[in-house]
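Q: sequence? don't have it. structure:
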């Protein structure tokens, strides 16, 4: 399911200071899929050859290392080489179902900015912005609320590792008005300007984004970060790793390492009750960095992903052509993903901010006024009618996950994974969702109350008048 958590600063807000006192770090869970682009067979062979060479030299590799090589290798990585979004890709997401999704997040951003005391400097930061659809819809809201934001120094900052997608984003956001940095050591590797004059910058890491009051958005970003997998055994926790199948040299398999690893000794909580656990240390590091920035400079973070609150076990899987795909088959030709453990992210956030939520995307959209928005501007909805759109935004049909065929034993043998079953037909006809899964969650009761009181009638009247999001 999709969930949303909110982090607030422990300081009280003040509308008289530049650095706001109300700090929020929010996150949602979501996951859905639907598309697949034609795959390059030679690229697949190259990735597999690289992985098998690495394993032969060093032994089995962790699932985290496998994901890094397959998804983010600078030469052959899936996210580096492929256009994975859209009808010809491997998945699509909520902003492409309708522009209304992004417009409502735009209202959320303005509400947070107002609740923080309307600081003069306002950075909108998105992680993994896809084709730029979400930020485009948000900026449309900002443009139509120009009277509120006219005295604000607003800028857009995109964290994107894919050169190919950054070019698509630049074209959609800035047209021809962008250029790559001349010096590869510059923090921003691309800069441009929107048609309304807003500066847009691209970065590879959060560390390169300038500090200051910021609203951070991560929509279906954390689910693709590398995870470690662990299995409880009679002799304690052992790590699941990736090895070469001894019977088929061109295939990979999961194995259970008989001895403890550094990861299995340090990443599992002492009170863990599950028998199988997935941990994403990189996600925890990013959360800590966001928390530190928000605590010091002000802002909020909304993190949307499919996930759970520390209850699920084996969720690692692949998606190719909008269908479930064995994550070890044809590496480099499919998206790899695992449900986000929000209980882990909350622990990583620490006590410097307050975590609220999670709640479902359905509740978030409802409380953000999607019904009012549909009544005011039904003509912008495509495909389908206004009556059908909420359900397409709320959820998609659940898909079966990959599961181990048997309980692994501590003998180093392969963990057998069955061929994935065909997922049910998705309810979503478009949008950045991976096919066959429920739509994201996105808000907390605490934030909804602040929206009603602090954002005030300025935003509510704008929605009633139908100003937002005219196509």
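A: Nice, thanks for sending it over. All values derive from a computational prediction rather than experimental measurement. Residues are numbered from 1 along each chain as shown.
Q: From now on I want contacts and neighbour counts done on CA atoms only, so please keep to that.
A: Fine.
Q: The closest residue to residue 260 other than its chain neighbours: how many residues sit nearby?
A: Closest residue in space to residue 260, ignoring its immediate chain neighbours: residue 238 at 5.6 Å, by C-alpha to C-alpha, 6 or more residues apart in numbering. By other C-alpha atoms under 10 Å, 23 other residues sit near residue 238.
Q: lowest confidence element among the helices and strands of the protein?
A: Each helix and strand of the chain was given a mean pLDDT (mean pLDDT, DSSP states H and E); the minimum falls on helix 445-450 at a mean of 28.
Q: Just checking: what are the partner strands of the host helix or strand of residue 179?
A: Using DSSP states H and E, residue 179 maps to strand 178-180. Using DSSP bridges, strand 178-180 pairs in its sheet with strand 190-193 (antiparallel).
Q: re the thing from before, can you tell me the average pLDDT over the strand holding residue 179?
A: Mean pLDDT, strand 178-180: 89.
Q: cool, stretch 76-90 as well?
A: The model assigns stretch 76-90 a mean pLDDT of 63.
Q: now do stretch 307-327
A: Rounded mean pLDDT across stretch 307-327 is 89.
Q: Buried residues, that stretch. List them.
A: Applying a neighbour-count criterion of 16 or more other C-alpha atoms under 10 Å, one finds 307-310, 313-327 buried in stretch 307-327.
Q: Please apply the same query to stretch 352-368.
A: 352-365, 367-368.
Q: Likewise for stretch 243-257?
A: For stretch 243-257, using 16+ other C-alpha under 10 Å, the buried residues are 243-245, 251-257.
Q: Could you identify the most distant pair in these?
A: Within the buried residues of stretch 243-257, two members stand farthest from each other by C-alpha to C-alpha: 251 and 257, at 18.5 Å.
Q: What segments of the stretch 301-450 of the chain are strands?
A: If DSSP state E, counting those that start in this stretch is used as the criterion, the strands of the stretch 301-450 of the chain fall at 317-320, 323-325, 335-337, 340-341, 353-356, 414-415.
Q: Now distance to residue 129 too, for these, in TSV please.
A: Output for the strands of the stretch 301-450 of the chain, formatted as TSV (distance: least, C-alpha to C-alpha, whole Å):
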stretch	distance to residue 129
strand 317-320	19
strand 323-325	22
strand 335-337	16
strand 340-341	18
strand 353-356	24
strand 414-415	35
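Q: where along the stretch 201-350 of the chain do the helices fall?
A: 262-266, 281-297, 342-349 (DSSP state H, counting those that start in this stretch).
Q: between the ones you listed, which gets nearest to residue 198?
A: Counting by C-alpha to C-alpha, and looking across all of the helices of the stretch 201-350 of the chain, nearest comes helix 281-297 at 21.4 Å.
Q: what would the buried residues of stretch 243-257 look like in a markdown table with pLDDT and distance to residue 178?
A: Below are the buried residues of stretch 243-257 laid out as a markdown table (pLDDT from 0 to 100; distance: C-alpha to C-alpha, whole Å):
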| residue | pLDDT | distance to residue 178 |
| --- | --- | --- |
| 243 | 96 | 44 |
| 244 | 95 | 44 |
| 245 | 94 | 47 |
| 251 | 93 | 43 |
| 252 | 95 | 42 |
| 253 | 96 | 44 |
| 254 | 97 | 44 |
| 255 | 96 | 47 |
| 256 | 96 | 48 |
| 257 | 94 | 49 |
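Q: Relative to residue 222, which of those residues is nearest.
A: Among the buried residues of stretch 243-257, residue 254 lies closest to residue 222 (C-alpha to C-alpha), at 22.8 Å.
Q: Tell me the pLDDT of the closest residue in space to residue 65 that isn't next to it in sequence.
A: Sequence neighbours aside, residue 226 is the residue nearest to residue 65 in space, at 7.1 Å (criterion: C-alpha to C-alpha, 6+ apart). For residue 226, the pLDDT comes out at 96.
Q: Can you get me a residue count around residue 226?
A: 26.
Q: show me what contacts it?
A: 63-65, 67-68, 280-282 (C-alpha atoms under 8 Å, 6 or more residues apart in numbering).
Q: Can you check these and name whichever has the most neighbours?
A: residue 67 (25 neighbours).
Q: ok, that residue touching residue 336?
A: Yes. Using C-alpha atoms under 8 Å, residue 67 is in contact with residue 336, at 7.1 Å.
Q: Can you pull the phi/psi pair for residue 204?
A: phi -100, psi -20 (degrees, to the nearest 10).
Q: dump the residue contacts of it.
A: 159-161, 188-189.
Q: repeat that with 10 Å
A: 127-128, 158-163, 187-189 (C-alpha atoms under 10 Å, 6 or more residues apart in numbering).
Q: What does the pLDDT read for it?
A: 94.
Q: just to revisit the earlier point, ok, which pair from the contacts of residue 204 is furthest apart?
A: 128 and 187 (16.7 Å).
Q: Going along the chain, name the strands of the stretch 151-300 of the chain.
A: According to DSSP E, counting those that start in this stretch, the strands that the stretch 151-300 of the chain contains are 153-159, 178-180, 190-193, 199-203, 214-219, 228-233, 236-244, 252-256, 276-279, 299-308.
Q: who does the fifth one pair up with?
A: Strand 214-219 sits in its sheet next to strand 121-127 (parallel), strand 299-308 (parallel), going by DSSP bridges.
Q: what's downstream of the first one, the next helix or strand?
A: Remark: after strand 121-127, the chain's next helix or strand is helix 133-144, criterion DSSP H and E.
Q: just checking, what packs against that following helix?
A: Packing contacts for helix 133-144, counted by 3 or more C-alpha pairs under 10 Å, 6 or more residues apart in numbering; DSSP states H and E, involve helix 99-115, strand 121-127, helix 146-149, strand 153-159, helix 163-174, strand 214-219.
Q: Try it again at 7 Å.
A: Packing partners of helix 133-144 (3 or more C-alpha pairs under 7 Å, 6 or more residues apart in numbering; DSSP states H and E): helix 99-115.
Q: Backbone torsions only: list them for residue 330.
A: With angles defined as degrees, to the nearest 10, residue 330 sits at phi 50, psi 60.
Q: Just give me the neighbour total for it.
A: Residue 330: 20 surrounding residues under other C-alpha under 10 Å.
Q: do the same with residue 155
A: Counted with other C-alpha under 10 Å, residue 155 comes out at 17.
Q: surely it meets residue 124?
A: Yes. Contact criterion C-alpha atoms under 7 Å: residue 155 and residue 124 qualify, at 6.3 Å.
Q: can you list residues touching both of those two?
A: Common neighbours of residue 155 and residue 124, counting by C-alpha atoms under 7 Å, 6 or more residues apart in numbering, are absent.
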